[in-house]
Structures are given as C-alpha cells and as structure tokens.
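Asker: sequence and predicted structure are below.
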Amino acid sequence: CLILPGKAGIPIYAMSDEEEVDTTFESADAGASTTYPMQAGSIRKGGHICIKGRPCKVVDVTTSKTGKHGHAKCHFVAIDIFTGKKMEELCSSSHNMDVPNVTRTEYTLIDVNDEGFVSLMSEDGDTREDLSLPKHDDSLAKQIKDDFDAGKELLVTIMGAMNEEHVHAVKEASN
C-alpha cells in the first residue's frame, strides 16, 4: 500500500501494482436475506418470528394496553421450528421484529443409511444426501425408518429457515 497525502492531512491509501488482490467470495447465494422486518403488533398466532437468533413458530400472542407514557407491549410465546424448544419474547408493538423466510419442500425418500442420513429426490430428479433423520423428534425418525423398511413410498417435507434445513414431516406417496 502507498500512503499519499490527501485533503486536510488525511492520508489516501493506494494499491501498488505488485500487490495481489484477493477476490474470492465465500457466499454462493443470490444475496437473499434470511429474515425480513415486520411490526410486532401485526405478528399473529401461527406466524413465524426470530427469538434469540432462532426461527420460531408463534403459539401465543398477548398484547398489553399502553401505559401512562409507554407503548403497547406484545408478549410472544413461540416454539423453535427445529429444536422444539419453547421461547418467549417481550417487545413494543410498534417496533420491528425479524421474521424468518421459511420454506417447505417435498422430496421422495430414496434411502435411509445406517448413520441416519436420508437420500432424497426432488420433483426435477435432483438428489441430495446432506440431511439426517430428525434428531429432536424421535417418533418422526422412527416412523420414517419403519415405514421405509416396510417398503412404503414416502414423501418427506424439508423445512428450511435461516440457512438451516431439517426433515419436518413425512407422508405416504399417493400414486
């Protein structure tokens, strides 16, 4: 780097020709945000919010009346969509909260290996083997394994939010 004198004595940094520039970008997504803001007062039961950086489904919302000098407050009770943990948040109803972009995708189950990873095929015929059986829902994992071992053709629903994906539900394919 060369340091050149600038206006008001502030140095200007310039790259010399000998220095190599690193232009490697780690992210390969289209730049879509994993969350979007929404006013707390307009979030309803059944919707999604982020609490402590985790995507959650709202199971209960209570709104208190405004105080003498304050805003109405919203009390959210929500369940983490991936771990099933109950979480709570208290927020002013006029403030914005982060809402996760939640996606659901159905895949045909091809295989379940010994380590608990599932082989899935999309409607387009693309396969993926990067997901495991649900770790936080033993009954769902057992149902998938038992139904697959019984030779049933299964459709698995993958829920994704905030760069995280998990097996969320299963149903028998209707032919």
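Answerer: Cool, the structure landed.
Asker: correct me, but Met36 touches Asp98?
Answerer: To be clear, residue 36 is Tyr; Met isn't right here. Yes: if you go by CB atoms under 8 Å, Tyr36 and Asp98 touch, sitting 7.4 Å apart. For every residue, glycine as well, the C-beta is placed using N, CA and C.
Asker: which one of those two has more residues nearby?
Answerer: Set Tyr36 next to Asp98 and count neighbours by other CB atoms under 10 Å: Asp98 wins out with 17 against 11.
Asker: now for the strand or helix carrying that one, which elements pack on it?
Answerer: Per DSSP states H and E, Asp98 falls inside strand 96-100. In this structure, strand 96-100 packs against strand 35-39, strand 48-51, with contacts taken as 3 or more CB pairs under 8 Å, 6 or more residues apart in numbering; DSSP states H and E.
Asker: neighbouring strands of that strand in the sheet, and parallel or not?
Answerer: strand 35-39 (antiparallel) (DSSP bridges).
Asker: ok now the strand it pairs with, how far from the chain's centre?
Answerer: 14 Å (CA atoms, centre = their mean, to the nearest Å).
Asker: in PDB, list the C-alpha atoms belonging to that strand.
Answerer: The C-alpha trace of strand 35-39 is given here as PDB (Å, rounded to 0.1, in the frame of the first residue of the first chain):
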ATOM      1  CA  THR A  35     -35.200 -12.700   7.600                       C
ATOM      2  CA  TYR A  36     -37.300  -9.600   6.900                       C
ATOM      3  CA  PRO A  37     -38.700  -7.000   9.400                       C
ATOM      4  CA  MET A  38     -42.300  -6.900  10.500                       C
ATOM      5  CA  GLN A  39     -44.000  -4.700  13.000                       C
END
